[in-house]
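K.L.:
sequence unknown, structure follows:
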């Protein structure tokens with residue numbers, strides 16, 4: 001009895017173009033951010049994508065023991081944004097880069113975040129909202145890739 005050849009998928013390319021990646025990031029608003037420091041740490045985030053400056057903008061709210069509290073300048077990080085509607089209908093984008101603090105964010109950063117980031121309730125924090133500190137960061141991409149269902 002002969003073995004069947006491995007199953008291969010033929011059809012449209014699943015790789016996304018740079019324009020498709022940018023459009024997806026503008027539409028998404030949330031994902032998972034991994035900080036590549038120490039043992040590494042991943043957590044869900046909301047973000048806005050600024051296509052003019054090619055960066056993802058974050059507002060981190062933190063307590064004294066939060067992972068984002070003491071980030072080094074230009075912390076290596078990876079953002080993964082994805083959605084899966086069914087096994088045959090999915091999209092994922094991975095952005096590698098450097099996470100850099102934005103001192104005194106301007107109107108552009110605030111607008112990008114406000115217009116695109118997924119809103120979350122304050123109940124996700126195990127702290128009084130008055131005790132949370134806000135800091136703004138941008139992910140400066142060094143590489144981005146995207147795949148989508150054919």
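P.N.:
Happy to help now that I have it. Only a predicted model underlies this, so the values are computations on that prediction, with no experimental measurement involved.

K.L.:
in this structure, which spans are helices?
P.N.:
Assigned helices in the chain, in chain order: 18-28, 107-116 (criterion: DSSP state H).

K.L.:
any idea which helix or strand of the chain has the worst average confidence?
P.N.:
Lowest by mean pLDDT, DSSP states H and E among the helices and strands of the chain is strand 55-62, with a mean of 89.

K.L.:
strand partners (parallel or antiparallel) of it?
P.N.:
strand 48-50 (antiparallel), strand 133-148 (antiparallel) (DSSP bridges).

K.L.:
now for the helices of the chain, which one comes closest to residue 144?
P.N.:
With Cβ to Cβ as the measure, helix 18-28 is the member of the helices of the chain nearest residue 144 (5.4 Å). Placement of C-beta: from N, CA and C, glycine included.

K.L.:
from the contact counts, what lies against that closest one?
P.N.:
Contacts defined by 3 or more Cβ pairs under 8 Å, 6 or more residues apart in numbering; DSSP states H and E place helix 18-28 against strand 48-50, strand 75-86, strand 89-101, helix 107-116, strand 133-148.

K.L.:
list the buried residues in that helix.
P.N.:
The neighbour-count check on helix 18-28 (16 or more other Cβ atoms under 10 Å) flags 21-22, 24-25, 28 as buried.

K.L.:
let me know the angle separating it from strand 55-62.
P.N.:
30 degrees (axes from the mean of the first three to the mean of the last three Cα atoms, to 10 degrees).

K.L.:
run through who's touching helix 18-28.
P.N.:
Residues from elsewhere that reach helix 18-28 (Cβ atoms under 8 Å, 6 or more residues apart in numbering): 16, 47, 49, 51, 54, 56, 81, 83, 91, 93, 95, 116, 144-146, 148.

K.L.:
where does this protein dip in pLDDT?
P.N.:
Filtered on pLDDT under 70, the chain yields the residue ranges 1-13, 63-70, 121-131.

K.L.:
go again with 80.
P.N.:
Applying pLDDT under 80 to the chain flags the ranges 1-13, 62-73, 120-133.

K.L.:
if you rank the contacts of helix 18-28 by neighbours, which is first?
P.N.:
Within the contacts of helix 18-28, neighbour counts (other Cβ atoms under 10 Å) peak at residue 56, which reaches 30 neighbours.
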